[in-house]
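Colleague: for reference, the sequence and a predicted model appear below.
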Amino acid sequence: MRIESFRTPRGTDLNGTPVKRTALLILATLLVAGAVSACTSTEGTDPLPSTARAADEFIDALGKMDHETLSSLFTESASAEWPAEKLRRWLKQRLDEGLIDEIVVHRSATPPQPARVETEEDELAPAYEAVPVKYEVLYNSGATPETVSLSGIFELSLDDEGERWLVEWSPELLWPGVDGATQFGVLTKWSKRAPIKDRDGRVLAKGDAAKRTYPFGTLAGSTIGHIETVTKKEATEDLEEGALVGGSGLEAAFNEQLSGTPTVHLAIVDGDGKPIERYPPVPGIPGETLRTTLDVEVQQRAEAAYPPDEVGGAVVIQPATGDVLAVVDSSEFGPGNYVGATGVAPFNRPLVGRYPPGSTMKVIPTSAALDTGLMTPQTTLSGPAEYKGVRNFESSAYASLSLADAVKFSVNTAIAQVAERLGEKRLTKYAERFGFNQEPRNLLLVAESQFPPPAGSLSDLMWSSIGQAQVLATPLQMASVAATIANDGVRMEPRFSLDERKRGTRVISRQTAAEVTAMMEAVVQGGTGTNAQIAGVSVAGKTGTAEVDVAGKRQNHAWFISFAPSSAPRIAVAVVSEYGGVGGQVAAPIARQIYLGVLPVAP
């Protein structure tokens, strides 16, 4: 057990009714039976101010946590030690430490008017005994289902002028009857962290957070993620310094599900943090197993197919469901080596790496032109080496060609004309339908891909249509683009948990999807993607060579997005190789190897 702050969902009021914990609720009730008559009977005959009225003023201010009024009611020495602002901070901290939702204060009896104390002083300055006031404090806390009732006595002293009764304040008045009390505390006990499993129940991570193990070692390591220690800078009122939580990947994205909530006990503790009084607990909720969409066999084979000398990654996704079956990151990461580490942030290229997608982007303006009826696959376009500032890769040129051939041979200037005729609004609309500018299910796991609206710039419009300008996409996003075509034009939002709801949205018509599929098949059969051909398997794909400037030198990211078998798609694959070169020469062969390994075992 250790003392810590932890925010629980709700407490109860004094009648046992649930209280929403949206803010600290401070109530004060004054049970003053007989007080009025007692005061009335002494007014006019007793020269002293009413002790009952003074007690009630203090109790009312304490119940409301009115620090200004409280401080004004203290004796001179207490007021000097406890100015209003210091008192406010102290009271807030004490109540927050105990997750106090509600405080009610009342006096238990009417205090008497005091007797005069005989002294040798002049009769004009008589002395009076301090007056004890019996009171009760009731607390409701999110850390216990019961109302905590404490009873004790505070004292009233008459000021030097004989005009006001003042309170002999001490912090112990918050915990009457509990000797040695200095603050509230919450004792916390966590349940065992739940495991992470693949779609077939194979364990990917297991054990308590402090002793977390990963049976498959580095397999999908940066996707599964690791456990980290909360630093002082990261600590919040709900998360104490030193706590162990998911630090990256699925461990972080699904931390609440995996960790559950702890069992918490309210306690009153001494100056060393040791409990003096404990109260019944609020039971915790055990963590729940994360049943991922990942498939160990698919992951193993996809990783084996990605060349060890390439930097980048790949994603394998199921078109009909959006299930992410495998995520291949070229940088190996073993979560078991970093349990409890701080400052560790594995870079998962396929999920958070954002790259200009190059010519793989051409699938989107082509789909938009077909879906809006603006063009057909046979629409004739020109393919000059340069068109209004847009250039073809390696300066190739075509006198005229169909839209289908523009995709097949990846002709930049032809697709730029498509974008020009579509216009900014329609192209942006379709890009967003395909998943750009859309917040992913979990931003702790996946980065958002961006398609900035060209904002009236024809140059930006045309370059964006071929995956350049300011367009940035994750490999997961481009795998989703291919999967949308494979799934008859319905985009299934990528998901990592089998317990997450499947969410699908129609992006293009079935006819448009079929026409684009035929174009992508031609890319592999006789266009820029022939290196992805597989005997006996129809593959539909699109190559991409994204140009980037690095220290003044032009380099290329190699891309390939695809699905297979194209007649009855089972998986979609996106591959990127950082600075790898030409997409058809580098990324397409990697995708081929992934298909050869994965198709025999894909669900």
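Modeller: It's in. Keep in mind that this is a model prediction, so the values were computed, not measured. Numbering: from 1, shown residues only.
Colleague: and Ala574, how many neighbours?
Modeller: 32 (other CB atoms under 10 Å). To be clear about C-beta, it is placed using only N, CA and C from the backbone, and glycine gets the same treatment.
Colleague: go on, Thr69?
Modeller: 15.
Colleague: so it makes contact with Leu62?
Modeller: No: assessed by CB atoms under 8 Å, Thr69 is found out of contact with Leu62, at 9.2 Å.
Colleague: give me phi/psi at the residue nearest the centre of the chain?
Modeller: What sits nearest the mean C-alpha location of the chain, by CA atoms, centre = their mean, is Leu444, with 5.8 Å. Main-chain torsions, Leu444, degrees, to the nearest 10: phi -70, psi -10.
Colleague: quick one: the strands in the stretch 151-300 of the chain, in order.
Modeller: Using DSSP state E, counting those that start in this stretch, the strands of the stretch 151-300 of the chain run over 165-167, 183-189, 196-197, 203-205, 227-229, 244-246, 263-269, 275-278, 290-291.
Colleague: ok, of these, where does mean pLDDT dip lowest?
Modeller: Here the lowest mean pLDDT among the strands of the stretch 151-300 of the chain goes to strand 183-189, at a mean of 90.
Colleague: that strand pairs with which strands?
Modeller: strand 2-3 (antiparallel), strand 263-269 (antiparallel) (DSSP bridges).
Colleague: figure out how far it is from the centre of its chain.
Modeller: Distance, stretch centre to chain centre, for strand 183-189: 26 Å (CA atoms, centre = their mean, to the nearest Å).
Colleague: so Thr428 is in which element?
Modeller: In the assignment (DSSP states H and E), Thr428 maps to helix 424-433.
Colleague: residues making contact with that helix?
Modeller: 364-365, 367-368, 371-372, 419, 437-438, 451, 453-456, 461, 464-465, 491, 505, 507-508 (CB atoms under 8 Å, 6 or more residues apart in numbering).
Colleague: deepest-packed of the strands paired with strand 183-189, please.
Modeller: The highest mean neighbour count among those, using mean count of other CB atoms under 10 Å, belongs to strand 263-269: a mean of 23.
Colleague: coming back round to it: which ones are touching the residue nearest to the centre of the chain?
Modeller: Going by CB under 8 Å, 6+ apart, the list of residues near Leu444 reads Ala252, Ala253.
Colleague: from here on, call the first residue 34.
Modeller: New numbering, starting at 34: the last item is Leu477.
Colleague: distance check, it against Phe287.
Modeller: Distance of Leu477 to Phe287, computed by CB to CB, to the nearest Å: 9 Å.
Colleague: sorry, back to before: reformat the strands paired with strand 216-222 as JSON lines; add distance to Leu132.
Modeller: Listed next are the strands paired with strand 216-222 as JSON lines, based on distance: least, CB to CB, whole Å:
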{"stretch": "strand 35-36", "distance to Leu132": "12"}
{"stretch": "strand 296-302", "distance to Leu132": "7"}
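Colleague: nearest to Thr143, of those?
Modeller: Comparing the strands paired with strand 216-222 against Thr143 with CB to CB, the closest turns out to be strand 296-302 (28.4 Å).
Colleague: how far off centre is the closest one?
Modeller: On CA atoms, centre = their mean, the centre of strand 296-302 falls 28 Å from the chain's centre.
Colleague: and the contacts of it?
Modeller: 36, 39, 41, 131-132, 174-177, 181, 208, 211, 214-222, 224, 308-317.
Colleague: domain map for this protein?
Modeller: 35-220, 222-298+314-324, 329-363+381-631 (automatic domain parsing).
Colleague: distance between the ends of the longest one?
Modeller: With CA to CA, to the nearest Å as the measure, the first residue of domain 329-363+381-631 is 11 Å from its last.
Colleague: got it, and the shortest one?
Modeller: Across its full length, domain 222-298+314-324 reaches 25 Å between end residues, using CA to CA.
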